[in-house]
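In: Quick one: sequence and predicted model below, then my questions.
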Amino acid sequence: MDPASATVTPRWNLERPYLTGRFHQEAKVAVAAQATGSKPYCLDSFSRGGVGSVIGSYAVSVQELLAIDDLLSALVGIEGRYISIKRVRGKEGYVVFQIDSSMDLALQELTRRIFPLCEDFVLVSHFVESRSHFKNGLVNHALAAALRAFLLDYQAMVAQLEHQFRLGRLSVQGLWFFCQRMMSSLNALAVLVEKAISNNTGGSATLNLLQSQAKAMAGDSSVRSLLEKMTECASAAYLRMLERWVYEGVIDDPYGEFFIAENKSLQKESLTIDYDAKYWQQRYSLKDGIPSFLTNVAATILTTGKYLNVMRECGHNVQVSLSENSKLMGFGSNHQYLECIKSAYDFASGELLTLMKDKYDLIGKLRSLKRYLLLDQGDFLVHFMDIAREELTKKPEEISVEKLQSLLDIALRSTAAASDPSHEDLTCCVERSSLLKKLSTLKDLDCAYPSNKLAAADVDQPMPLSATGLETFCLSFKVQWPLSLVISRKALTKYQLIFRLLFHCKHVSRQLCTAWQIQQGFRSVKILGTPVLRSSILCRSMLKFVNSLLHYLTFEVLEPNWHLMHDRLQTARSIDEVIQIHDFFLQKCLKECLLLLPELLVVCRLLFSIQKCLSLLYFIFSFLLSSLNFKNLSSATTILYLYLLFLSNLLHALSLLGSCWYMLTVNVLSFTSN
């Protein structure tokens, strides 16, 4: 609730002077302070109407009785016949007391000693009245109620003193003696409310002020005990808000005093849409002004309520067992409240983790991502690449995603993937940019090279040959709440980056296998001689390199890292720890798969382009051989010419391949050794 829209105090309760204490006349503050004044304020002279004679005209014994009668009124903020009250201009709640100057000097001195107690009472009374308004918040309401209870005891003391005065048993010296114990307590409260008024404190600021004042009075045990009691009373409302948050995940904060804020504009659906979604970090966040006694556990308190909110949004009934020991009654030296908070955190964390693992099968979903996007189960992909070859060779803007999706469904149902209940969550998508360009747009991946190196890598240049679906095809995975906390759009994007690299390697490997099979048919052409053997060796070398790279990516990077993550997830104690373990796994896989090393990735792209060009030349050469007649010389001459042309291209490609291969090998070895 907005504090500005909270219920307001009726105007008549603020405008009637005898309800507000504003009926006192206002005093002007002069430059020099009066030496005889009880406070450093110089007051204008004043006249008292309706008084028959000045107090100095009476005997000293009578003056004492008149002074006591006026002092008993002044102790509760009421003017007497010879003691007047003046409000200080510009300072709300501050008053000064002034006595008739004709009074006996000794009696004046004793009377002025009691004035600070009277002024403190008026100041505390003003704070109680002003801070009882709705807009000042629950903490100030509770503190005002505690101060009001203290003032009732104070007024009871004044009533007892008045009773003694009526019995003729009270003197000014006796009045001074009986007020001693109350003076230190009320003065400490006046100092407290003075700081609260000047700083306009509320909520946690008021609690911090109470605690600091209690610590400052360590030398006076009775006053410190009083301030600690005030702190306990004022914190009761705050602890009720804290209790609802850590036990129910509800922010019950009508006046904006709680140190946890909710941003309702952030929706959980953004986790599956926005790469930079801040839902988990900023839906609930810590505000400034955390109470000092909760500073060390503020993050734990925030996380506890977040876990409870996740379960409530899942429709899971959270039953927190409450007992007398689990209630947050106070924050004394026994630190019982810390144990309650820790118990609530352990319960919420364990309950949410069990819900994610058992009901929503978190480990099973991660295993499905490994199976499909990390190519742990490749039979469906081989089948899909066979039946979708024609569609994937089109340009990205000409590809029908719906047709690819139907072909993917056929491949999934025709292979062992049909037994996986999560295979229906797998979808197709076609990216609009190359892998390198996609990597350059993600600024949070901690690439090992600065932006100038990325620019040098020509990531904005078009891909070699014409971009087809084979270079831009990608798989996606449908993730529902609350699994989107772990498998967010950011995490899924990292999976897709790895998949695109693996898919490209698979495609090049298949092309080289087909080219090698075609090359084996050249052996029947006897006139070609030994160059066929050399080209065969080159083809096998390229195929060996691609398969070795695939083996490295899958069996030396993805597989061991996934098992390490799986083992760590078994011992995780909270969803935040699960998210951290999962993000670390993805970051490490990206790094070891060379995706965070743009220069190496450029070399790989160049190697793949050369290999695809050579395999294409094999296809063209095979087609020409099959279409020519070897019986006449002109055909044989044509074959020889074509073969020499092919051989020159092959030697050029071999030189490029050798330099690139050497560069890649040296960099990979140095990277893996580090």
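Out: Cool, the structure landed.
In: So which residues make contact with the host helix or strand of residue 366?
Out: Here residue 366, judged by DSSP states H and E, is contained in helix 362-372. Residues from elsewhere that reach helix 362-372, judged by Cβ atoms under 8 Å, 6 or more residues apart in numbering: 356-357, 376-377, 380, 417, 420, 422-423, 425-426, 475, 477, 479, 483, 486-487, 495, 558, 562, 565-566, 569, 578, 582. The way it works is simple: take the backbone N, C-alpha and C, and place the C-beta from them, glycine included.
In: Same question for stretch 408-418.
Out: Here stretch 408-418 makes contact (Cβ under 8 Å, 6+ apart) with 371-372, 377, 379-381, 383-384, 387-388, 423, 426-428, 475.
In: Just the buried subset of the residues you listed, written out for ChimeraX, thanks.
Out: The buried residues among the contacts of stretch 408-418 can be selected in ChimeraX (16 or more other Cβ atoms under 10 Å) with this line:
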select :371,372,377,380,381,383,384,388,423,426,428,475
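In: Strands - which of the contacts of stretch 408-418 land there?
Out: 426-428, 475 (DSSP state E).
In: coming back round to it: list just the nearest of the contacts of stretch 408-418 to residue 99.
Out: Nearest to residue 99, judged by Cβ to Cβ, of the contacts of stretch 408-418 is residue 427 at 89.1 Å.
In: The nearest residue to the closest one once chain neighbours are set aside: what's it in contact with?
Out: Using Cβ to Cβ, 6 or more residues apart in numbering and skipping the chain neighbours, the partner closest in space to residue 427 is residue 476 (4.7 Å). Residue 476 makes contact with 426-429, 492, 496, according to Cβ under 8 Å, 6+ apart.
In: Out of the residues you listed, which two sit at the greatest distance?
Out: Within the contacts of residue 476, 428 and 492 form the most distant pair, 14.0 Å apart (Cβ to Cβ).
In: Just the element for the residue most central in space within the chain, please.
Out: For the chain, the residue sitting closest to the mean C-alpha position, by Cα atoms, centre = their mean, is residue 281 at 2.8 Å. Assigned by DSSP H and E, residue 281 falls within helix 279-282.
In: taking the mean pLDDT, what do you get for that helix?
Out: When pLDDT is averaged over helix 279-282, the result is 88.
In: Name the residues of that helix that are buried.
Out: 279-280.
In: So what touches it?
Out: The contact list for helix 279-282 (Cβ under 8 Å, 6+ apart) reads 263, 266-268, 270-271, 306, 485, 579.
In: thinking again about what came up before, so how far is residue 488 from the residue nearest to residue 427?
Out: To residue 488, residue 476 is 13 Å away according to Cβ to Cβ, to the nearest Å.
In: All the strands of the protein, residue numbers only.
Out: 25-27, 83-88, 95-99, 260-262, 284-286, 426-430, 473-477.
In: how about those strands in a markdown table, adding distance to residue 342?
Out: What follows is the strands of the chain, written out as a markdown table (distance: least, Cβ to Cβ, whole Å):
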| stretch | distance to residue 342 |
| --- | --- |
| strand 25-27 | 55 |
| strand 83-88 | 49 |
| strand 95-99 | 49 |
| strand 260-262 | 18 |
| strand 284-286 | 18 |
| strand 426-430 | 42 |
| strand 473-477 | 36 |
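In: Tell me where the model's unsure across the stretch 101-250 of the chain.
Out: For the stretch 101-250 of the chain, applying pLDDT under 70 flags no range at all.
In: next one: the chain
Out: Residues of the chain meeting the criterion pLDDT under 70: 1-53, 90, 319-334, 446-467, 515, 518-539, 598-674.
In: what's the closest non-adjacent residue to residue 568?
Out: Nearest one to residue 568, counting by Cβ to Cβ, 6+ apart, is residue 581 at 4.9 Å.
In: thought the one you found was touching residue 571?
Out: No. Using Cβ atoms under 8 Å, residue 581 is not in contact with residue 571; the gap is 9.6 Å.
In: who has more neighbours, those two?
Out: residue 581 (18 against 8; other Cβ atoms under 10 Å).
In: which one of the strands of the chain lies closest to residue 587?
Out: strand 473-477 (18.8 Å).
In: Direction included, what does that closest one pair up with?
Out: Looking at strand 473-477 with DSSP bridges, its partner strands are strand 426-430 (antiparallel).
In: ok and the strand it pairs with relative to helix 362-372, angle-wise?
Out: 50 degrees (axes from the mean of the first three to the mean of the last three Cα atoms, to 10 degrees).
In: Restrict strand 426-430 to CA atoms and write it as PDB.
Out: Output of strand 426-430 as PDB, limited to C-alpha atoms (Å, rounded to 0.1, in the frame of the first residue of the first chain):
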ATOM      1  CA  LEU A 426      11.800 -30.100 -28.400                       C
ATOM      2  CA  THR A 427      11.200 -27.500 -31.100                       C
ATOM      3  CA  CYS A 428      13.000 -26.200 -34.200                       C
ATOM      4  CA  CYS A 429      14.200 -22.700 -34.900                       C
ATOM      5  CA  VAL A 430      16.300 -21.000 -37.600                       C
END
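In: neighbouring contacts of that strand?
Out: By Cβ under 8 Å, 6+ apart, strand 426-430 touches 372, 396, 399, 401, 404-405, 408, 412, 469, 472-478.
In: Now which of those residues would you call buried?
Out: Applying 16+ other Cβ under 10 Å to the contacts of strand 426-430 flags 372, 399, 404, 408, 412, 469, 472-477 as buried.
In: Distance to residue 213 for those residues - can I get that in CSV?
Out: Listed next are the buried ones among the contacts of strand 426-430 as CSV, based on distance: Cβ to Cβ, whole Å:
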residue, distance to residue 213
372, 63
399, 72
404, 71
408, 69
412, 69
469, 72
472, 67
473, 68
474, 63
475, 63
476, 59
477, 58
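In: Any buried residues in stretch 70-79, and which?
Out: Under 16+ other Cβ under 10 Å, the buried positions of stretch 70-79 are 70-79.
In: Inside helices: which ones of those?
Out: Among the buried residues of stretch 70-79, DSSP state H puts 70-74 in helices.
In: burial of residue 366, as a residue count?
Out: By other Cβ under 10 Å, 21 other residues sit near residue 366.
In: Format the buried residues of stretch 70-79 as TSV; extra columns: distance to residue 201.
Out: Formatted as TSV, the buried residues of stretch 70-79 follow (distance: Cβ to Cβ, whole Å):
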residue	distance to residue 201
70	35
71	33
72	33
73	32
74	29
75	28
76	27
77	24
78	29
79	31
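In: Verify the contact between residue 74 and residue 116 for me.
Out: No. Residue 74 is beyond contact range of residue 116, at 11.2 Å (criterion: Cβ under 8 Å).
In: can you list residues touching both of these two?
Out: Listed contacts common to residue 74 and residue 116 are nil; contacts here mean Cβ under 8 Å, 6+ apart.
In: Mind checking the strands of the chain for the one nearest to residue 135?
Out: Minimum separation from residue 135 across the strands of the chain (Cβ to Cβ) falls at strand 260-262, 18.9 Å.
In: and the closest one, what does it pack onto?
Out: Contact partners of strand 260-262 among helices and strands, from 3 or more Cβ pairs under 8 Å, 6 or more residues apart in numbering; DSSP states H and E: strand 284-286, helix 298-313.
In: now the ones you listed in CSV, with mean neighbour count and distance to residue 367?
Out: Below are these laid out as CSV (neighbours: other Cβ atoms under 10 Å; distance: least, Cβ to Cβ, whole Å):
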stretch, mean neighbour count, distance to residue 367
strand 284-286, 16, 31
helix 298-313, 19, 22
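In: Please render the ones you listed as CSV that adds distance to residue 152 to the earlier fields.
Out: Below are the helices and strands packed on strand 260-262 laid out as CSV (distance: least, Cβ to Cβ, whole Å):
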stretch, distance to residue 152
strand 284-286, 38
helix 298-313, 35
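In: Looking at these, which is nearest to residue 144?
Out: Evaluated with Cβ to Cβ, these place helix 298-313 nearest to residue 144, the distance being 26.3 Å.
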